[in-house]
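In: Fold the following for me, if possible:
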Amino acid sequence: MNEKEFKFEKRQKRADHPLIHKKFQNCKHALIKFQVDYAVSQEMKNKNKRDPQNVASLLIISLFTSFLFSNSASTITWDLINVAYNVYELKKFNWSAVVLCFLQEGHKKHDKEKPVTLSGCLLLILVRIRELYLFFFFTN
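Out: Numbering: from 1, shown residues only. Next up is the predicted model:
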């Protein structure tokens, strides 16, 4: 399977998509986690008008914000949101590589620029520490 390469861009613009216009029309820059959570809850309340693809996209954006691409500012950028609204394109990306790249870029930025936020899937760090601990524990 041919995998698409995902590049994080600093100044990504919003995609022209009905879901984004409907749920995040007033947001110009990165979204804050509570905006995503609010959009999910509003979509879930509309039992008669619920669109399964919108629900899936919003849940993916929530997953990105809460877990895979989390940061201490609780924001998500448009480059990730623009990918998430097209659920059929998601399988074309190597998401483990994208998550690792995001974590590494966040670490590099933290070392160089001393930013206010910390970015990346912090659970991934804990899993790796556990693996290293078990490796050293059972090999010694």
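In: what about dumping the CA coordinates of the one helix or strand Ser62 maps to to CSV?
Out: Per DSSP states H and E: Ser62 is located in helix 52-63. Coordinates of the C-alpha atoms in helix 52-63 are reproduced here as CSV (Å, rounded to 0.1, in the frame of the first residue of the first chain):
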residue,chain,number,x,y,z
PRO,A,52,-22.1,9.4,10.7
GLN,A,53,-19.1,10.9,8.8
ASN,A,54,-19.3,14.1,10.8
VAL,A,55,-19.4,12.1,14.0
ALA,A,56,-16.5,10.0,13.0
SER,A,57,-14.5,13.1,11.9
LEU,A,58,-15.2,14.9,15.1
LEU,A,59,-14.3,11.9,17.2
ILE,A,60,-11.0,11.5,15.3
ILE,A,61,-10.2,15.2,15.9
SER,A,62,-11.0,14.7,19.6
LEU,A,63,-8.7,11.7,19.7
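In: Check which element follows it along the chain.
Out: Under the assignment DSSP H and E, the closest C-terminal helix or strand after helix 52-63 is strand 75-76.
In: for that next one, packing partners?
Out: strand 31-32, helix 33-45 (3 or more Cβ pairs under 8 Å, 6 or more residues apart in numbering; DSSP states H and E). Yep, even glycine has a C-beta here, placed from its N, CA and C like the rest.
In: No further questions, thank you.
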